[in-house]
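Chemist: Here you go, sequence then predicted model.
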Protein chains: 2
Amino acid sequence: MDGAELGWELSTTVALFHEAVARRLRLNAADHKALRIVTRQGPLPAGALAAQLGLGASAVTALVDRLERAGYVRRVTDPADRRRVLVSADGDQDPDLSGIFADLGREMTALVGKYDERELATIADYVRGTIAVFETQTTRLAGTG
Amino acid sequence: MDGAELGWELSTTVALFHEAVARRLRLNAADHKALRIVTRQGPLPAGALAAQLGLGASAVTALVDRLERAGYVRRVTDPADRRRVLVSADGDQDPDLSGIFADLGREMTALVGKYDERELATIADYVRGTIAVFETQTTRLAGTG
DNA sequence: GATCTTGGTTCAATAAGATGAAATATCCAC
DNA sequence: GTGGATATTTCATCTTATTGAACCAAGATC
């Protein structure tokens, strides 16, 4: 198996993991994507979420309603600007899922533990390089739209 | 930036690339996923596609109709079993997109060219290890469903 | 070769989410 | 504090995709 093939396999493997998580949370792909954004980028205004998802304001209201009803996020009015509604991730809801992520972290830590400093530097360099390549092409693709 | 963070960044970067490709092809995420399956797994029966997508037969008929109308796939009746319809990717439709993928391949080749044999072995080992970790957790997640 | 099964399509009904306009509340500038 | 802009919600409508049942054609079984 050559490098490119291995890379695509990694890509689909991670995608399948995300899908499995979404299925477990009973979220469609779009809602799960929104939840990931909220989780990673901390409390953020509904409008920012709309921008990142490429959705209208009213669609995001409905989306956040769904996530809130499911108990995955909370709405907090921004004390600094009370028109704003900050969407904030609401803890770990699914104990099995927390276990999965914990194990994932543990196993990745173990994997990383196999390598010495120099090897880890190489791996990090490669990952960073790959990110740069994909970002470049994504930008081009968005531009030629 | 630590390793885990870098890994998730790679994941979202690749996901954003896929989204940009889908947008360019004017496909929704589900149809684009189907097209990727058809592209990677060669001509395959509609039923196999249905199984992989978790959709019913009639939904796949509609999906393949859309992809076919857009010119991305063709239907070929399986000569070995003329009930079967093989869905087959229909060449490169978007010249810009072919260019993007060509450049992506070129740049990844260049990136890989920076490393010696030993380093490449380390990188491949790490990627394989990561795939294994994610597959394990995906399986667990599907199981505890 | 009559019957049963399988693979796919068709079509009507349904469901889910997105859109766009109007409404509400808050902030900012003067 | 009046007027205007901004952030979000509500609601009716529209789009888009999925479901499930009926249907057709082609293989498999006896």
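Modeler: Alright, I've got the coordinates.
Chemist: Can you list the helices and strands that the longest helix seen in chain A packs against?
Modeler: Ranked by residue count under DSSP state H, the longest helix found in chain A is helix A:117-143. Here helix A:117-143 is seen to pack against helix B:3-25, helix B:95-113, helix B:117-143 when contacts are counted using 3 or more C-beta pairs under 8 Å, 6 or more residues apart in numbering or on different chains; DSSP states H and E. From N, CA and C alone the C-beta is placed, and that goes for glycine too.
Chemist: Dump those helices into CSV; add mean pLDDT and mean neighbour count as well.
Modeler: Conversion of these to CSV gives the following (pLDDT from 0 to 100; neighbours: other C-beta atoms under 10 Å in any protein chain shown):
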stretch, mean pLDDT, mean neighbour count
helix B:3-25, 92, 17
helix B:95-113, 92, 14
helix B:117-143, 95, 16
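Chemist: Any chance of these in TSV with distance to DNA strand C as columns?
Modeler: TSV is the format used below for the helices and strands packed on helix A:117-143 (distance: least, C-beta to the nearest atom of the strand, whole Å):
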stretch	distance to DNA strand C
helix B:3-25	13
helix B:95-113	23
helix B:117-143	20
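Chemist: could those be laid out in CSV, adding distance to residue A:136?
Modeler: Written out in CSV, the entries for those read as follows (distance: least, C-beta to C-beta, whole Å):
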stretch, distance to residue A:136
helix B:3-25, 10
helix B:95-113, 7
helix B:117-143, 20
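Chemist: And those: which comes nearest DNA strand D?
Modeler: With respect to DNA strand D, and counting by C-beta to the nearest atom of the strand, the nearest of the helices and strands packed on helix A:117-143 is helix B:3-25 at 11.2 Å.
Chemist: chain center to the closest one: distance?
Modeler: Shown here is helix B:3-25, whose average C-alpha point lies 13 Å from the average C-alpha point of the whole chain (C-alpha atoms, centre = their mean, to the nearest Å).
Chemist: roughly how far apart are residue A:25 and residue B:42?
Modeler: Summarising the geometry, the distance separating residue A:25 from residue B:42, computed by C-beta to C-beta, to the nearest Å, is 33 Å.
Chemist: neighbours around residue A:73, how many?
Modeler: 24 (other C-beta atoms under 10 Å in any protein chain shown).
Chemist: With the one 10 residues further on instead?
Modeler: Each residue near residue A:83 was counted by other C-beta under 10 Å, and the total is 8.
Chemist: now stretch A:45-60, how far from the chain's geometric center?
Modeler: Counting by C-alpha atoms, centre = their mean, stretch A:45-60 comes out at 16 Å from the chain centroid.
Chemist: Could you confirm whether any residue of it contacts DNA strand C?
Modeler: Yes: Stretch A:45-60 comes into contact with DNA strand C when judged by C-beta under 7 Å from any atom of the strand, the residues involved being A:55-59.
Chemist: Out of the residues you listed, who's the most crowded?
Modeler: Tallying neighbours with other C-beta under 10 Å puts residue A:55 at the head of the residues of stretch A:45-60 next to DNA strand C, with 16 neighbours.
Chemist: I'm done for today, thanks for sticking with me.
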